[in-house]
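In: Need coordinates for the following:
(2 chains)
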Number of protein chains: 2
Amino acid sequence: MSGLPQQKLPVARPRGGGSRGWRDMPGGVTAAQGYLASGVAAGIKKDGPDLALVFSTHPSIACAVFTRNRVQAAPVLLSMQHLARSRGRVRAILLNSGCANACTGKRGMSDAACSARLAARELGVEPQEVLVASTGVIGTPLPMGKLELGIPNAVSLLRGDGGDAAARAIMTTDTRSKTAAVDGESRGKHFRIGGMVKGAGMIHPQMATMLSVITTDAKMPLHLMNKIFRRVVERTFNCLTVDGDTSTNDMVVLLSNGAAGAAVDAGLAAFFEQGLEHVCEELAKSVARDGEGATKYIEIRVRGARTFREGRQIAKAIAHSPLVKTAFYGEELNWGRILAAAGYSGVSFDPDRVVLRLCGIPIYRRGAGVDSSKTRAEQALKSHDIQIDLDLAQGTAQARVWTCDLSHDYVNINGSYIS
Amino acid sequence: MSGLPQQKLPVARPRGGGSRGWRDMPGGVTAAQGYLASGVAAGIKKDGPDLALVFSTHPSIACAVFTRNRVQAAPVLLSMQHLARSRGRVRAILLNSGCANACTGKRGMSDAACSARLAARELGVEPQEVLVASTGVIGTPLPMGKLELGIPNAVSLLRGDGGDAAARAIMTTDTRSKTAAVDGESRGKHFRIGGMVKGAGMIHPQMATMLSVITTDAKMPLHLMNKIFRRVVERTFNCLTVDGDTSTNDMVVLLSNGAAGAAVDAGLAAFFEQGLEHVCEELAKSVARDGEGATKYIEIRVRGARTFREGRQIAKAIAHSPLVKTAFYGEELNWGRILAAAGYSGVSFDPDRVVLRLCGIPIYRRGAGVDSSKTRAEQALKSHDIQIDLDLAQGTAQARVWTCDLSHDYVNINGSYIS
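Out: Residues are numbered from 1 along each chain as shown, chains lettered A, B, ... in the order given. The predicted structure follows:
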């Protein structure tokens, strides 16, 4: 590892009106200090980069959340084992697109383990310090011959500004790469948090989205990091859906290496959590914006719910409804479908007390449509960004869910994914 | 009512190999003795018939199951009230397409009640002996002026062979009318059961499908009929999904008038249940075959489940998956999506013990794909009728779910439903 370039990004001072002391910045997973990344074309996909590596130059710890799907891909199972064996002492994450290495039996597990060993050897770390993640077609084995060449190449190309290259290498049907990063200062301590994600289809994360890596140069105990991370994932990635399909490969990993030289203690935990939530929320929203075939970005906000979970359950029922999604694609004011979806969500509420707004315009209240809003609401439907606000008037909790419409292109993309 | 024609259909003798003593026959809701029906164009839709009436010439009893959606349309609420007030003594069902009368507030309830009163007056029965059902756009009030002319017209056109006309009048985006009927004899007793249904979209019945009426000339106590009916609905209509959207207007009604002069006693209950299940299953399958934009009919069978409900839960997760549905539309052998959907269904199972077959061809077993089946399975995908068999190998229960693919036409139809 001694031959690898060290990351020496200048630490920017927060300027201007960064909300809550955090400011957006470029760089993705290499925005924080002490991280290197790369993205290379190993030939797993027909063309384009398909192998990404994220590496911490300092000793680092990781926590991760994995798919709740009962069918878990080999990289998910192996990364769980490595996290347990290393007790969270993780230094690197190897990710590939073009092949999910799921439903590949014993060969899949041995291929995943072999990939981690190859990366570990090149990086000079232990195999259990490397996590692996895959995305792509299910049921096809990893082309190990290509990885044997690709992995050393990815290690040799690791760079302190490689965050964007890594984000590009994990794309499948994504139309653009997705990164987010923030820079923050509180009580004289300075941290950065950055991340990348791949999205597009088979997106309905349950404890994680398809693949995402977040890095921070803050230092904190593993148990605190784990607690904060799970809370944030619940409010961000788990509020995202494209098609309601939870993948076999979902995985989101947070790496912390303390390279900023400042520790997140009890007094700074809330501050750190804000920054982490901002990064995760931006990444989740970017997945909804770039959902397969999406022509609209839709934010569904449920207010006046009894609990966050009930609010999210209703918002997700609306977000999953093919009738709601196709109506927005067709720019049709068919608000009855939104109420019908809320009604079958499994959460009880009184339809006569509910108020429904579309882009701020009230379209349903006191059990009936608001006729006078019709023209304005029809106009609002033509926007690219759609806000649906549903007030249940039965509590104080609220939830937001991010999704997209269902278009002809979704059918095109998924009717010919393999060929 | 004295001026209305009496139904005098010849009672056919069962011939040939009618399975289990039941034989298919035409006629829909007027196949059984003592029922009249009609379908007229009242002008609720732009064109075509849109108002149906089913009437029992004999005193009759009814049981019904209604949508579990929390947002229930006025006709659902009114029909529940009428069933309770009349203690099941129901004589007629008035159904309209073109307007769901849902989310229409107090006006909607008063319009539904007014429709029932108008029909009752013309038929010479009490208003609570009439149930009402509506389907169409949500949020628009019923055009009562048109119903005031249409209802007397529907009564005057009631006929003993009006089952097909009634089935045509409840269609929305359906491409064909849907009826089923059987004729059966057991222990010297002869009965008929017939029905009609409308389907197409917003189809994921939870206790009923969009609108369905079943009639029988068998005589039986209300509590027995109710028990049998709920069991049958659970195994038929509740195993059907087009798009996962449960409507605000779902309602399925079973009328029994004893016109056959034979009673269903404890010894004949199982026989009657077989016939009823056959009719309901045929109606449910016809809805799946004619799902909005459907190019494929898909039957998903889960075997080796611990319980029927667990089997159905897995089958429904597969049936709801937009990725599975678009892959079948594109005739792509992407079986990983079927396993992924089973995996997120919420039912636990061991992926390594599962066997997946497509149209009888094994494509996944022992945790990996069966490469040797690939060519044959790709060929089978070109059929119109697709069978998916998933054996969980962890119990003896099984479940079947009927659905269709997700096509460009589904997006076309639902992106421009109102306009």
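In: Where does pLDDT dip in chain A?
Out: A:1-20, A:201-210, A:417-419 (pLDDT under 70).
In: how does it divide into domains?
Out: What automatic domain parsing lists as the domains of chain A is A:19-285, A:297-415.
In: now, of those, which is deepest in the fold?
Out: Greatest average neighbour count among these goes to domain A:19-285 (a mean of 23), per mean count of other C-beta atoms under 10 Å in any protein chain shown. Where you see a C-beta, it was placed from the backbone N, CA and C, and this is true even at glycine.
In: quick one: that one near chain B?
Out: Yes. For domain A:19-285, a contact with chain B is found by C-beta under 8 Å from any C-beta of the partner chain, at A:67-72, A:100, A:102-108, A:137-139, A:201-202, A:204, A:206, A:243-248.
In: Using PDB, write out the CA atom coordinates for the longest helix seen in chain A.
Out: Across chain A, the helix with the greatest residue count (assigned by DSSP state H) is helix A:269-289. Extracted in PDB, the C-alpha atoms of helix A:269-289 (Å, rounded to 0.1, in the frame of the first residue of the first chain):
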ATOM      1  CA  ALA A 269     -23.800  13.400  17.700                       C
ATOM      2  CA  ALA A 270     -26.900  15.400  16.700                       C
ATOM      3  CA  PHE A 271     -24.700  17.600  14.500                       C
ATOM      4  CA  PHE A 272     -23.100  14.700  12.800                       C
ATOM      5  CA  GLU A 273     -26.500  13.000  12.300                       C
ATOM      6  CA  GLN A 274     -27.800  16.100  10.500                       C
ATOM      7  CA  GLY A 275     -24.900  16.100   8.100                       C
ATOM      8  CA  LEU A 276     -25.200  12.300   7.500                       C
ATOM      9  CA  GLU A 277     -29.000  12.700   7.000                       C
ATOM     10  CA  HIS A 278     -28.400  15.400   4.400                       C
ATOM     11  CA  VAL A 279     -26.000  13.300   2.400                       C
ATOM     12  CA  CYS A 280     -28.300  10.200   2.500                       C
ATOM     13  CA  GLU A 281     -31.400  12.200   1.700                       C
ATOM     14  CA  GLU A 282     -29.700  13.800  -1.300                       C
ATOM     15  CA  LEU A 283     -28.500  10.400  -2.500                       C
ATOM     16  CA  ALA A 284     -32.000   8.900  -2.100                       C
ATOM     17  CA  LYS A 285     -33.700  11.800  -3.900                       C
ATOM     18  CA  SER A 286     -31.200  11.500  -6.700                       C
ATOM     19  CA  VAL A 287     -32.200   7.800  -7.200                       C
ATOM     20  CA  ALA A 288     -35.900   8.800  -7.300                       C
ATOM     21  CA  ARG A 289     -35.100  11.600  -9.900                       C
END
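In: Which SSE is immediately downstream of it?
Out: strand A:297-305 (DSSP states H and E).
In: about what we covered before: from the residues of domain A:19-285 next to chain B, which ones fall inside helices?
Out: Using DSSP H, these in helices are A:105-108.
In: Among these, which one lies nearest to chain B?
Out: residue A:105 (3.5 Å; C-beta to the nearest C-beta).
In: So what does the nearest residue to the closest one once chain neighbours are set aside look like in phi/psi?
Out: Counting by C-beta to C-beta, 6 or more residues apart in numbering or on different chains, residue A:105 lies nearest to residue B:368, which is 3.5 Å off, once chain neighbours are set aside. Dihedral angles of residue B:368 (phi, psi; degrees, to the nearest 10) stand at phi -150, psi 160.
In: ok, residue B:368 to residue A:140 distance?
Out: 10 Å (C-beta to C-beta, to the nearest Å).
In: joint contacts of these two?
Out: By C-beta atoms under 8 Å, 6 or more residues apart in numbering or on different chains, residue B:368 and residue A:140 have these common neighbours: residue A:104.
In: Next up, the contacts around the nearest residue to residue A:256 once chain neighbours are set aside.
Out: Once flanking residues are discounted, residue A:256 sits nearest to residue A:216: 5.0 Å by C-beta to C-beta, 6+ apart. Listed by C-beta under 8 Å, 6+ apart, the contact set of residue A:216 reads A:32, A:191-194, A:254-257, A:272, A:276.
In: and the most far-flung residue of chain A relative to its centre, helix, strand or coil?
Out: Going by C-alpha atoms, centre = their mean, the residue of chain A most distant from its centre is residue A:372, 39.6 Å out. Under DSSP: H, G, I helix; E, B strand; the rest coil, residue A:372 falls in the helix class.
In: quick one: contacts for residue A:397?
Out: A:305-308, A:310-311.
In: Now the two most distant members of the residues you listed.
Out: Greatest spacing in the contacts of residue A:397, by C-beta to C-beta: A:306 and A:308 (9.3 Å).
In: what ranges do the helices span in chain A?
Out: A:74-86, A:105-123, A:144-156, A:163-169, A:222-235, A:269-289, A:308-320, A:322-329, A:336-343, A:374-380, A:408-415.
In: for these, which one sits closest to residue B:76?
Out: helix A:336-343 (11.1 Å).
In: Pull the distance from that closest one to the chain's centre.
Out: Computed by C-alpha atoms, centre = their mean, to the nearest Å, the chain-centroid distance of helix A:336-343 equals 27 Å.
In: likewise stretch A:260-278?
Out: 20 Å.
In: again, but for stretch A:23-43
Out: For stretch A:23-43 - counting by C-alpha atoms, centre = their mean - the centre lies 15 Å from the chain centre.
In: gap between the two ends of it?
Out: 37 Å (C-alpha to C-alpha, to the nearest Å).
In: Kindly report the same for stretch A:375-384.
Out: For stretch A:375-384, the end-to-end distance is 18 Å (C-alpha to C-alpha).
In: Any chance you could list what contacts that stretch?
Out: A:295-297, A:328, A:331-333, A:335, A:358-361, A:363, A:386.
In: excluding its backbone neighbours, what's nearest the closest residue to chain B within the stretch 101-250 of chain A?
Out: Nearest residue of the stretch 101-250 of chain A to chain B: residue A:138, at 2.4 Å (C-beta to the nearest C-beta). If the residues on either side of it in the chain are set aside, residue A:138 comes closest to residue B:336, at 2.4 Å by C-beta to C-beta, 6+ apart.
In: Residue A:108 is in contact with that neighbour, correct?
Out: No. Using C-beta atoms under 8 Å, residue B:336 makes no contact with residue A:108, being 11.9 Å away.
In: any shared contact partners between the two?
Out: Contacts common to residue B:336 and residue A:108, judged by C-beta under 8 Å, 6+ apart, are residue A:102.
In: just how off-centre is stretch A:134-149 within its chain?
Out: Distance, centroid of stretch A:134-149 to centroid of chain: 22 Å (C-alpha atoms, centre = their mean).
In: next one: stretch A:369-382
Out: 33 Å.
In: Ok, stretch A:99-107 next?
Out: So, by C-alpha atoms, centre = their mean, the centroid of stretch A:99-107 is 22 Å from its chain's centroid.
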